[in-house]
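1. Sequence and predicted structure are below.
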Amino acid sequence: MQLIKIKKLDNKPKPTLMKKTFSFIFTMLSFIFAAAQGTCETALTIALGSTTTAPAFTNETGVAPTLLCGLVNQNGTPATKGKWYTFTATENNTVTVSTLLPQNNNRDTRVIVYSGSCASLTCVGSNDDYNGTNSSQLTFPITTGTVYTIAFDNRYSNSTFDFTLLIAPPPAEDRLSFTSTAVSGIAGNYNNCIADMNGDYRDDIVSAISTTQLAISYQQAGGGFTTSTYALSNTTVLPSWSISAGDYDNNGYNDLLFGSGSGVVFLKANSTGTSYTTDRKTQSYLVQRTNFVDIDNDGKLDGFACDDNAPNRRYMNDGINMNHIQGGIGDFASGGNYASLWSDFDNDGDIDMHLSKCGQGGSGVGGNINQFFTNNGDGTYTNIADTANMADPEQTWSSAVGDFNNDGWMDVIVGVNSLSDGNTNVKRNNGDGTFTSVTAGSGYDTVTSTGREYVAFDFDNDGFLDVLGSGSTIMFGDGDFHFTPNPNTYTLSTVDRPVGDLNDDGFLDIQNGTNVLFNNGNANHWLKVHLQGVQSNRNGIGSRIEIYGAWGKQIRDVQSGSGFQNMSTINAHFGIGSETQISQVIIRWPSGTVDIINNPSPDQSLFVLEGSTALSNLSFNNEAFDLYPVPTRNILNIKTGNSIVMTKAEVFDMLGKLIFQSEIKDNSINVESFSKGTYIIRLMDNEGKLYSRKFSKE
């Protein structure tokens, strides 16, 4: 783990458009702002790895290319102007010239590429309306020493646009493959869970064997698993429909929530993670997706369960009990609630929810019309699906949520388990409270397979989210809402397919029944982020993590329970392609605390304790008490107001390790045995509320 240094939030680098780089011959993209020359003979020289701004044709007098290399002028009307560029290959390779960029807003362009001299041009290729868009993109081989000429014309638009000239990414079949390996100890009979269950931040595998037995395959340092079994009592239900994990009592060990055809049960880990007590809830109903999520943002995880036949269920955590409440977030009378997907869609700092529905009531009536809930900031939620363009009437069992174009806003790929109401729908977050369907040309417009599980992860670590969904395959994203299937398909279990890094190598694997599909990886770099909340819930569920570098910005929201049935890793995972530097990591905690890490090394697991360095933006509820003397040598005294009674104290070191806990007597604790340094103390009052503050020991 790396120690982290913090600087003020206003030092954050400005996000820029993310570009793919795949060759050592350039280390960063450069923008060229210059007018294109108007003829082949005066073509502007550009370089590989560049992004070039082509000015509006109305400002130029360039000559239009007449050798169209297969392009056709509709209605016989020719272009009137052209823009010309040239470059010389310095190696044998494959390159892509493209206007398929977010800033172009699908501007209508077409491109022609030639080799040879201007007096004797030879067609290399051309493109118009790439993959169903108005953009143009062409991939072609280059030979060392050969001069290439790139021409655009104004046949369909006179507007300015940007284009890139990049080394082409390797084919998908060369980019990613998996090796299937049997893992003894995985039961594989019910929906399984990938989560850290022993506090070492490595992903483990949880198997429900029966109503009286639980198995956990603990990932070992250096690879492999060791399986332990635990006796259960009073469970009576199994995760036949879904499972989720989270530390709802904040004791350092993840607990479990089983969803079945007859209700839910909570399994609470003890203070050492070596046994589990059960809390079987009496409500009997058909459960679909379950989650751990801090619905009211009080620092304690609540349980959420989708009800297939009635309004949804919440189990609100008061610090002792998980209290059942029905309704309030998904109230359609006949239910149809299949997957609750929690993320901050409007970037206001609190968590919202997309509800995938596939229920009764008929098309257009409500049972199968997806809902979209905005957090009102007071523990209540409002369905804004109609105004947000998210009221999709599709047979949706789950949807993949993530920032697919790296613009800082969470998008949604609406999955389908039936084609009766339409195909998979790709929805771009416009950043103004609305979403736009960008399915046409995305690759999903030609996919006719269906599936229950849709989740978003960067499997090839190229910096762009991919989707594990229908068709037992991964759809690779390119950062601009275009997806191509992995030609290496696998027979995936419909029950057990959670995702996590199961050999701690920085590449995400897939548990597949009693096997694991281990990701063989590639040369791309990565970063994993492990969180430990102090004022926020201990898992940091609901936190927003941002990373910055030459690519611009990437974001992840920490979740428990994505997709439909399984539980994938809570750890946040980022791929950064061929880049080797990360300029900044920002963690925005549910409490409002902001931690900033500058220049962390890639290819590592980064641990962050909430507010754990001196310059973090602490927003803890610490006005309720004072500490004295600070710094202290022996006794740390706690002073509170008349109405507050502190009952328990926990002390963490700056790496997040719990080093001390006790009941509070005489409003003080003895810290004489502590080493010199800075610590965080977390106090609990007699109502279960948490308070935190730093102190130093001399």
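-> Here it is on my side, so go on. Numbering: from 1, shown residues only.
2. before we move on, which element is M316 in?
-> strand 313-317 (DSSP states H and E).
3. quick check: mean pLDDT across that strand?
-> For strand 313-317, the mean pLDDT works out to 98.
4. residues of it that come out buried?
-> By 16 or more other C-beta atoms under 10 Å, the buried positions in strand 313-317 come out as R313, R314, Y315, M316, N317. Bear in mind the C-beta positions are built from the backbone N, C-alpha and C, glycine included.
5. quick check, nearest of those residues to R202?
-> N317 (26.3 Å; C-beta to C-beta).
6. isn't the closest one right next to N297, touching?
-> No: taking C-beta atoms under 8 Å as the definition, N317 is not a contact partner of N297, at 11.6 Å.
7. can you give me the helices in the protein?
-> With helices called from DSSP state H, the chain shows them at 172-175, 385-388.
8. which residues does I638 contact?
-> Residues near I638 by C-beta atoms under 8 Å, 6 or more residues apart in numbering: F625, D626, L627, M646, A649, I664, N667, S668, I669, L683.
9. So for the closest residue to it other than its chain neighbours, what's the pLDDT?
-> Among residues not flanking I638 along the chain, N667 sits closest, at 4.7 Å (C-beta to C-beta, 6 or more residues apart in numbering). Note on N667: pLDDT of 91.
10. Ok, T58 next?
-> Note on T58: pLDDT of 81.
11. Span of stretch 374-385 from start to end?
-> The first residue of stretch 374-385 is 9 Å away from its last residue (C-alpha to C-alpha, to the nearest Å).
12. For A182, give its distance to I205.
-> Going from A182 to I205 by C-beta to C-beta, to the nearest Å gives 13 Å.
13. ok, the two, which is more surrounded?
-> Taking other C-beta atoms under 10 Å, A182 and I205 do not tie; I205 has more neighbours (27 against 9).
14. Flag the shaky bits of the stretch 151-300 of the chain, pLDDT-wise.
-> 169-175 (pLDDT under 70).
15. quick one: which of the contacts of I638 is nearest T164?
-> L683 (54.0 Å).
16. measure the closest one to S449 for me?
-> 53 Å.
17. Look at these two and report which has more neighbours.
-> Taking neighbours as other C-beta under 10 Å, L683 and S449 compare with L683 leading, 23 against 14.
18. What residues are bridge-paired with that one?
-> When assigned by DSSP bridges, L683 has beta-bridge partners A649, Y691.
19. returning to what we had before: by contact count, what packs against the strand holding M316?
-> With contacts defined as 3 or more C-beta pairs under 8 Å, 6 or more residues apart in numbering; DSSP states H and E, the secondary structure elements packing on strand 313-317 are strand 263-269, strand 302-307, strand 322-326.
20. quick one: which of the ones you listed is nearest Y156?
-> strand 302-307 (46.7 Å).
21. Can you check what angle separates the closest one from strand 313-317?
-> 170 degrees (axes from the mean of the first three to the mean of the last three C-alpha atoms, to 10 degrees).
22. who touches G327 in this structure?
-> Contacts of G327 by C-beta under 8 Å, 6+ apart are P311, N312.
23. where does it land on pLDDT?
-> Reported pLDDT for G327: 95.
24. Q565 too?
-> Predicted confidence (pLDDT) at Q565: the value is 89.
25. so who does it touch?
-> Contacts of Q565 (C-beta under 8 Å, 6+ apart): N191, W241, S242, I243, R289, R452, E453, V495.
26. try 6 Å this time
-> Listed by C-beta atoms under 6 Å, 6 or more residues apart in numbering, the contact partners of Q565 are N191, S242.
27. Kindly provide the distance from it to I586.
-> Using C-beta to C-beta, Q565 is found at 32 Å from I586.
28. Ok, L121 next?
-> Plainly put, L121 is 50 Å away from I586 if you go by C-beta to C-beta.
29. List just the nearest of the contacts of I638 to L257.
-> Set against L257, the nearest of the contacts of I638 by C-beta to C-beta is L683 (27.8 Å).
30. what residues are up against the closest one?
-> Applying C-beta under 6 Å, 6+ apart, we find L683 in contact with M646, A649, Y691.
31. Considering the residues you listed, which possesses the most neighbours?
-> Neighbour counts for those, by other C-beta under 10 Å, peak at Y691, which reaches 22 neighbours.
32. circling back: just send the contacts of L683 back as a markdown table, with pLDDT too.
-> Rendered in a markdown table, the data for the contacts of L683 read as follows (pLDDT from 0 to 100):
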| residue | pLDDT |
| --- | --- |
| M646 | 91 |
| A649 | 91 |
| Y691 | 76 |
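33. export the residues you listed to a markdown table and tack on distance to Y230?
-> Shown next, in a markdown table, are the contacts of L683 (distance: C-beta to C-beta, whole Å):
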| residue | distance to Y230 |
| --- | --- |
| M646 | 34 |
| A649 | 30 |
| Y691 | 33 |
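34. Quick check: of these, which lies closest to S117?
-> Using C-beta to C-beta, those come closest to S117 at Y691, 76.1 Å.
35. So that closest one sits against T640, correct?
-> No: with contacts counted by C-beta atoms under 6 Å, Y691 stays clear of T640, the gap being 9.0 Å.
36. Can you tell me the closest non-neighbouring residue to the spatially most central residue of the chain?
-> Centroid check for the chain by C-alpha atoms, centre = their mean gives R556 as the closest residue, at 3.9 Å. Sequence neighbours aside, A572 is the residue nearest to R556 in space, at 4.4 Å (criterion: C-beta to C-beta, 6+ apart).
37. how close does the one you found sit to E698?
-> For A572 relative to E698 (C-beta to C-beta), the value is 36 Å.
38. More neighbours: these two, which one.
-> Neighbours were counted for A572 and for E698 using other C-beta under 10 Å; A572 has more, 25 against 12.
39. okay, the more buried one: pLDDT?
-> In this model, A572 is scored at 98, pLDDT.
40. Next, the contact list for the nearest residue to S207 once chain neighbours are set aside, please.
-> The shortest distance from S207 to any residue other than its chain neighbours is 3.5 Å, reached at A187 (C-beta to C-beta, 6+ apart). Contacts for A187 (C-beta under 6 Å, 6+ apart) come out as S207, I209, A215.
41. Repeat that for Q288.
-> Q288 neighbours (C-beta under 6 Å, 6+ apart): W241, C306, D308, Y338.
42. Mark which of those residues are buried, thanks.
-> The buried subset of these - by 16+ other C-beta under 10 Å - is W241, C306, D308, Y338.
43. Need phi/psi at the third one.
-> The phi and psi values for D308, taken as degrees, to the nearest 10, are phi -80, psi -20.
44. Skip the chain neighbours and tell me the closest residue to it.
-> L286 (4.1 Å).
45. how many neighbours does the one you found have?
-> When neighbours are counted by other C-beta under 10 Å, L286 registers 18.
46. same deal with G49?
-> Residues near G49, counting by other C-beta under 10 Å, number 19.
47. quick one, what contacts the nearest residue to S136 once chain neighbours are set aside?
-> Spatial nearest neighbour of S136, excluding adjacent residues (C-beta to C-beta, 6+ apart): V111 at 4.2 Å. Neighbour list for V111: V97, N127, S136, L138, F152 [criterion: C-beta under 6 Å, 6+ apart].
48. how much space between the residue lying closest to the fourth one once chain neighbours are set aside and N104?
-> The shortest distance from L138 to any residue other than its chain neighbours is 4.4 Å, reached at N127 (C-beta to C-beta, 6+ apart). When C-beta to C-beta is the yardstick, N127 and N104 sit 14 Å from each other.
49. Between the two, point out the one with more neighbours.
-> With neighbours defined as other C-beta under 10 Å, N127 and N104 compare such that N127 has more, 24 against 21.
50. quick revisit: between the contacts of L683, which is nearest D346?
-> Y691 (29.1 Å).
51. hey, where'd the strands end up in the stretch 151-300 of the chain?
-> For the stretch 151-300 of the chain, applying DSSP state E, counting those that start in this stretch gives strands covering 161-167, 178-182, 193-195, 204-210, 213-219, 225-231, 242-246, 255-260, 263-269, 276-280, 287-293.
52. Pull up the pairing partners for the second one, direction included.
-> Each strand that pairs with strand 178-182, with its direction, by DSSP bridges: strand 515-519 (antiparallel).
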